[in-house]
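> A predicted structure for the sequence below; I have some questions about it.
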Amino acid sequence: MTLLKYPCQSVIKAAFGDGQQLRQAPYRIYRALVPTEKLVDHKRDMELKEQAKDSFAMFFSSDKQVSWFEGRDGLLQDLEAGYIVSEGDDPKAETDPKKAYAKMMQRFADIHPDLLNVLAKAENVTDWEVNFSRPLPRLWKGKAVLIGDAAHSVSVVVDYAYLVLTVIFRCILLQAKEAANLWKMSDV
């Protein structure tokens, strides 16, 4: 069983024979877009931004997490604030961006003040539902082939695990290159 973050994937998957009704996961994500120009005058905001430069950064609290991605060649900061749906929460994600912003600020009020300050600068906030879905048995139907993000169901955990593994792999490669250079130098 896997999770779908983007609802459009389920529509595309249905066209390829997956008529399974999606089941909502007890987890949602606020996506907050922050123009980089809103951060440049604040030293602490820029220090946080630097942690995501050319990669990503993740910040955790007990039941919430914020993933920070730098987009548009550094012009836009994409913060994904994930949370566990609580009893009494509306079963559907908030569709009004202003209400989504207010709900995000209320739900994340107890995170580190520096991170909350950056979230407060978001110009556009959307609330994303996360759904359970089965992987497709095949990625083609007739002459059509399913490719790209719609071709797979990726859990939020798997998505982040992939990013973490990418960082670890980069570190290993850097260490291997340094070791190879030292080895060459020792032959001299």
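Ah, there it is.
> against Ala32, how distant is Ser86?
According to CB to CB, to the nearest Å, Ser86 stands 20 Å off from Ala32. (Each C-beta comes from the backbone N, C-alpha and C, glycine too.)
> out of these two, which sits in the more crowded spot?
Ala32 (26 against 9; other CB atoms under 10 Å).
> run a quick neighbour tally on the residue nearest to that one when sequence neighbours are not counted.
Counting by CB to CB, 6 or more residues apart in numbering, Ala32 lies nearest to Ala122, which is 3.6 Å off, once chain neighbours are set aside. Taking other CB under 10 Å as the neighbour definition, Ala122 ends up with a count of 24.
> partner strands of the helix or strand harbouring Glu129 and their direction?
Following DSSP states H and E, one finds Glu129 within strand 124-133. If you go by DSSP bridges, strand 124-133 pairs up with strand 2-4 (antiparallel), strand 23-35 (antiparallel).
> need those in TSV (columns: distance to Asp41 and mean pLDDT).
Written out in TSV, the entries for these read as follows (distance: least, CB to CB, whole Å; pLDDT from 0 to 100):
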stretch	distance to Asp41	mean pLDDT
strand 2-4	38	40
strand 23-35	12	86
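> for burial, what's the neighbour tally of Lys141?
Residues within reach of Lys141, counting by other CB under 10 Å, total 12.
> for Gly142, same thing?
6.
> swap in Leu76?
Under the neighbour criterion other CB under 10 Å, Leu76 is assigned a count of 16.
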